[in-house]
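[1] Mind looking at a prediction? Sequence and model below.
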Amino acid sequence: MADEPRPYVPPEDNLAELTWKALALGVVVAVLLGAANAYLGIKAGQTVSATFPAAVLAIAAFRLPFFRGTVLEQNTMRTAASVGEALVAGAIFTIPAFVMVNVGGERLWTSFNYWETSLILLVGGLLGILFIILLRRTLTVDASLPFPESRACAEIVKAAQGGDTGARYVFGAMGLGMLIQVLKDGAGIRLFKETIRTSLEFPASVIHHFDTRRAPVGDVAHGGALLWSTPSVSPALIGVGYVIGFELGAINFAGGVLAWFVLVPFALFLSPDFGTRLAGTSGPLPLSDQVFTIWYNQIRPIAVGAMLTGAAWTLWGMRGSIRQAFRGAFHRGSAAVPLRTERDLPARGVLVSIAVLAVPVALIYYHFSGSVTGALLSAVVMMVTGFFFSAVGSYLVGLVGSSNQPVSGLALSTLILSALLMVGFGVTGLRGVAAVLGVAAVVSSAVCVSGSLIQDLKVGHILGATPWKMQVAEIVATVVTSFVLVFPIAILHQSNILGGGIGIGDPQLPAPQAGLMAQMAQGIVGGEMPWGLILFGMALGVTLILLKSPSVMLVAVGMYLPPETTGAIFLGGCLKALVDARAKRQGFGPERAARVENTGTLVASGLIAGESLTGVLLAGLVLAWSGFSSIGAALGLPEFRWVDGPVGAWLSLVPLAAIAWLLVRLPLRHAARQE
């Protein structure tokens, strides 16, 4: 996708940008969005990108008579506000693991340690910002990435500035996205099912096994099954797929097909007694649970291995731009002053700051491990993998947006590498697990914040913002929110215990990613890690590279994500391909084709923003009122039991059809009306 030919605000203009009101309001919103996403992440294992909610709140705030400001002030507020969601995403994927770890009956933490948690978030967040400052131009300009969510956000901001007739498409689609989210979210008024899971059990196949001399050795009845989900009725995911297009959506979907139609059935076929071996008091494990545990515990590690290979290959492809970025850090340069829209914080100062932050990192790890060698080693691993995965994670944000960034997969890769080194240097037991989780937590925070910042910087690049001012806003917001966001996590943990639960890790607060981190850390340090699966994944990544796969990372991400997610993204890509085909068949010239493209992007932007904003608002309602469970319950409506049956399944076609109509019909109709 081509870059913007000229920023919305020209480089020659000097509008108010980094002001106190924009920065202060951004920090306050960062705390609120972070708290809401803490609940959402621990409860459902996912967070909602704050870019769109923050943009909408900034637009609304700066239209107030006493708070009016420029579009660049709005951009500053949005940039600062997005930090809360990014930091809390890094936190909930790793920090809860500290209270979930149990080695030989001994707990690592029984409650959240305030200072340790806050320092991890602070150091990780600042490092993520510093890492990505060095790569800003490489990723936002040189790499020619689509940045679907950044472009969508920029379109919303531009449409809201007045006089743009496309605004009605953005906000109309946003309203539909909000309505659909309310009608499918458990905290709203559920009227239909978001996704439908189907299964197909294979008939038994008797394999007659024999030895090398063809002498029979026995018969085995093999089975297996396919378990698949329909695409999620998600305006945001479908909108992302529409923006990134058919090709990238298809690559991502191919990873899901490989995982769910090849590897999972193959694993079941090779283990005909798998369900019986995991049988409990109620009998063999249900087929759906067998498929889930195979995907979660066997296929996802393969995907992580493929991500490791893909990450190395991606960075190798970026080596020239990375080398140029570091070379520029030490180059005195010419007397020419760069354009306002190309000024970053000084690269030398960034590198010095990274080196200075290595000291508190080492001290944190010494506190965890009690070993000088382990602390120094952990600091080195964190710095290398932090930069490595921040670059790769940000690259993926440019491909599929921050909402679909596989943070837990990248953090898990870091955990595996650091745990291997810890075991190699003899740092084991509870202290070894603590050091490993500490490395993963800092890297996870760095990856999340760097992904958020690169998405914001791309929005700023399109709007004509000043990069160094956005970077300062992000640093200030990170420092403040690092010492605040531990409170909502600790409150959720303690309130669950008071209610008779076990805190985070309870079925009410499962924190699935953190649980996986705890399990993997214990497994590696205890010698129970399935290394074969990681190696299988790395070999798969090499195979894809040799086959000249367009994106090894996207395939691996597709394997790592649930099928309803990859299916929804692919559906959006298919709708975009349908629009392009119909525009071509109707003989649209370059101007009309451009109008189709722009209108479709506006509609997709509204859908993405509508679901994202409503997801945060609903999570905030649940968090703010202890007695609140859903809008339906608050209104006295009964729980509609038919939602989980055939009626709810058929009703899901209505919002799906509405989304498809908006994305296909409106762009074509708008272009056809223009002369």
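    Noted; the coordinates are in hand.

[2] quick one: secondary structure of L227?
    Here L227 is recorded as strand under DSSP: H, G, I helix; E, B strand; the rest coil.

[3] what's the neighbour count on it?
    As a burial measure, L227 scores 22 neighbours (other C-beta atoms under 10 Å). C-beta coordinates here come from the backbone N, C-alpha and C atoms, glycine included.

[4] Look up which residues are beta-bridged to it.
    Under DSSP bridges, the beta-bridge partners of L227 are S199.

[5] That one touches A267, doesn't it?
    No. Applying C-beta atoms under 8 Å as the test, L227 and A267 come out as separate, 12.0 Å apart.

[6] ok, P53 to A60 distance?
    As judged by C-beta to C-beta, to the nearest Å, P53 and A60 stand 11 Å apart.

[7] which of those two has more neighbours?
    P53 (27 against 12).

[8] Using the three-state scheme, assign the closest residue to that one other than its chain neighbours.
    In this structure, P53 finds its nearest non-sequential neighbour in L613, 4.3 Å apart by C-beta to C-beta, 6 or more residues apart in numbering. Following three-state DSSP, the label given to L613 is helix.

[9] in stretch 349-357, what's buried?
    Of all the residues in stretch 349-357, those buried under the rule 16 or more other C-beta atoms under 10 Å are V350, L351, S353, I354, L357.

[10] wait, stretch 190-204
    Buried residues in stretch 190-204, counted by 16+ other C-beta under 10 Å: R190, L191, F192, K193, E194, T195, I196.

[11] Would you mind checking the average pLDDT for that stretch?
    Over the span of stretch 190-204, the pLDDT mean works out to 84.

[12] can you list the residues that contact it?
    Contacts with stretch 190-204, where a contact means C-beta atoms under 8 Å, 6 or more residues apart in numbering, come from 183-184, 221-234, 265, 269, 287-288, 291, 564, 630, 632, 639-640, 643-644, 648-649, 651-652, 654-655.

[13] any idea how far L618 is from S232?
    Distance of L618 to S232, computed by C-beta to C-beta: 16 Å.

[14] same deal with W109?
    Counting by C-beta to C-beta, the gap from W109 to S232 is 35 Å.

[15] Okay, now the unreliable bits of the stretch 451-600 of the chain?
    Along the stretch 451-600 of the chain, segments meeting pLDDT under 70 span 495-496, 498-501, 505-513, 515-516, 526-529.

[16] For W109 and S232, indicate the residue with more neighbours.
    Neighbour totals were compared for W109 and S232, and S232 leads with 23 against 18 (other C-beta under 10 Å).

[17] List the contacts of the spatially closest residue to I524 that is not a sequence neighbour.
    Computed as C-beta to C-beta, 6+ apart, the closest residue to I524 that is not its neighbour in sequence is A419, at 3.8 Å. The contact partners of A419, taken as C-beta under 8 Å, 6+ apart, are G432, V436, M520, A521, I524, V525, M529.

[18] Closest to A660 out of those?
    For A660, the closest of the contacts of A419 turns out to be M520, at 39.8 Å, with distances computed as C-beta to C-beta.

[19] Just want the phi and psi numbers for the closest one.
    Dihedral pair for M520: phi -70, psi -40, per degrees, to the nearest 10.

[20] Likewise for V123?
    Here is the backbone geometry of V123 (degrees, to the nearest 10): phi -70, psi -40.

[21] the helices in the stretch 551-675 of the chain, which residues?
    552-560, 563-585, 590-624, 631-634, 646-651, 653-673 (DSSP state H, counting those that start in this stretch).

[22] now do the stretch 351-500 of the chain
    Here the stretch 351-500 of the chain has its helices, by DSSP H, counting those that start in this stretch, at 372-400, 407-424, 429-463, 467-482, 486-498.

[23] Mind giving me the packing neighbours of the first one?
    Same thing as helix 372-400. Using 3 or more C-beta pairs under 8 Å, 6 or more residues apart in numbering; DSSP states H and E, the elements in contact with helix 372-400 are helix 114-133, helix 235-244, helix 246-257, helix 300-317, helix 347-369, helix 407-424, helix 429-463, helix 552-560.

[24] Ranked by average pLDDT, which of those falls at the bottom?
    helix 407-424 (a mean of 71).

[25] burial measure for G636, as a count.
    6.

[26] Now do the contacts for it.
    By C-beta under 8 Å, 6+ apart, the contact list for G636 is empty.

[27] any idea how far it lies from W625?
    According to C-beta to C-beta, G636 stands 16 Å off from W625.

[28] if we can go back for a sec, are any of the contacts of stretch 190-204 buried, and if so which?
    Applying 16+ other C-beta under 10 Å to those flags 183-184, 223-225, 227-234, 265, 269, 287, 291, 564, 630, 632, 643, 648-649, 651-652, 655 as buried.

[29] that's a strand at F266, yeah?
    No. Secondary structure of F266 (three-state DSSP): helix, not part of a strand.

[30] need the contact list for it.
    G224.

[31] likewise the one 5 residues further on?
    The contact partners of S271, by C-beta under 8 Å, 6+ apart, come to R277.

[32] what's it sitting at in phi/psi?
    Dihedral angles (degrees, to the nearest 10) for S271: phi -130, psi 80.

[33] Now do the same for it: its pLDDT.
    pLDDT for S271: 85.

[34] does I659 really touch Q181, like I thought?
    No. Under the criterion of C-beta under 8 Å, I659 is not in contact with Q181, lying 11.9 Å apart.

[35] any shared contact partners between those two?
    P235.

[36] If we go by neighbour counts, what in stretch 96-104 is buried?
    Neighbour-count burial for stretch 96-104 [16+ other C-beta under 10 Å]: P96, A97, F98, V99, M100, V101, V103.

[37] Go ahead and measure how far it is from the middle of the chain.
    24 Å (C-alpha atoms, centre = their mean, to the nearest Å).

[38] contact partners of it?
    42, 107-113, 429-430, 433-434, 437, 440, 489, 493, 503-505, 511, 514-515, 517-518, 521-522, 525-526.

[39] Using PDB, write out the CA atom coordinates for that stretch.
    Only the C-alpha atoms of stretch 96-104 are listed here, as PDB (Å, rounded to 0.1, in the frame of the first residue of the first chain):
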ATOM      1  CA  PRO A  96       0.300 -12.800  37.000                       C
ATOM      2  CA  ALA A  97       2.600 -15.800  36.400                       C
ATOM      3  CA  PHE A  98       4.500 -14.700  39.500                       C
ATOM      4  CA  VAL A  99       1.500 -15.500  41.700                       C
ATOM      5  CA  MET A 100       0.700 -18.700  39.700                       C
ATOM      6  CA  VAL A 101       4.100 -20.400  39.900                       C
ATOM      7  CA  ASN A 102       4.200 -23.300  42.400                       C
ATOM      8  CA  VAL A 103       7.500 -25.200  42.600                       C
ATOM      9  CA  GLY A 104       7.400 -28.100  45.000                       C
END
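
[40] circling back: ok, and which of the helices of the stretch 551-675 of the chain has the densest surroundings?
    Across these, the average number of neighbours (mean count of other C-beta atoms under 10 Å) peaks for helix 552-560, which reaches a mean of 27.

[41] so how far is it from its chain's centroid?
    What separates the centre of helix 552-560 from the centre of its chain is 13 Å, taken as C-alpha atoms, centre = their mean.

[42] cool, stretch 264-274 as well?
    When C-alpha coordinates are averaged (C-alpha atoms, centre = their mean), stretch 264-274 and its chain have centres 30 Å apart.

[43] Not counting its neighbours along the chain, what's nearest A311?
    V392 is the one closest to A311 (C-beta to C-beta, 6+ apart), at 4.4 Å.

[44] ok, the spatially closest residue to G177 that is not a sequence neighbour to V170 distance?
    Spatial nearest neighbour of G177, excluding adjacent residues (C-beta to C-beta, 6+ apart): G610 at 2.2 Å. Relative to V170, G610 is positioned 10 Å away (C-beta to C-beta).

[45] likewise A159?
    Separation of A159 from V170 (C-beta to C-beta): 5 Å.
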